[in-house]
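# Model the following, please.
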Amino acid sequence: MNELREWDVEFVFLRESINTTPPGGKLVFHVFGAVAALERDLILERTMGGLVPPGRGRRDGRQLVMGEGKIALVSKLMRDRETPVSAVCATVSVYRATLYR
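Numbering: from 1, shown residues only. This is a model prediction of the structure:
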């Protein structure tokens, strides 16, 4: 923040009618900055609170579409070259891209 003071930079928000030149405008600007920092910290706190520590048998992120059973079935069906890929996808209820992934 000291760098802005050295450069004497001031903001004028045309849509919101906020001018940071007078002392009242500087106060509003700093209050908005403090609220943004608080919100950022709250989001980080909620995110960290929702994570499960490693080793508890759960992984973060989206759940897998295909479990080990489906993967074994798909590999068995894919070894048979006569089975069409669309039939394999229909059997395990996944899209073609998911199957290849």
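# mind listing the helices for the protein?
Assigned by DSSP state H, the chain shows helices spanning 2-7, 23-50, 68-79, 85-92, 96-100.
# Between those, which one is closest to R62.
helix 96-100 (11.8 Å; CB to CB). For glycine as for every other residue, the C-beta is placed from the backbone atoms N, C-alpha and C.
# Show me what the closest one is packed up against.
Of the remaining helices and strands, those touching helix 96-100 by 3 or more CB pairs under 8 Å, 6 or more residues apart in numbering; DSSP states H and E are helix 85-92.
# let's go with 6 Å and repeat that
Judged by 3 or more CB pairs under 6 Å, 6 or more residues apart in numbering; DSSP states H and E, helix 96-100 has no packing partners among the helices and strands.
# Put the alpha carbons of it into CSV.
The C-alpha coordinates for helix 96-100 follow below in CSV (Å, rounded to 0.1, in the frame of the first residue of the first chain):
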residue,chain,number,x,y,z
ARG,A,96,-17.3,-43.1,-24.5
ALA,A,97,-14.8,-40.4,-23.3
THR,A,98,-15.1,-41.6,-19.7
LEU,A,99,-14.5,-45.2,-20.9
TYR,A,100,-11.3,-44.2,-22.7
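# contacting residues around it?
With contact meaning CB atoms under 6 Å, 6 or more residues apart in numbering, helix 96-100 is reached by 65, 89.
# and if you look at stretch 63-73?
92, 94, 98.
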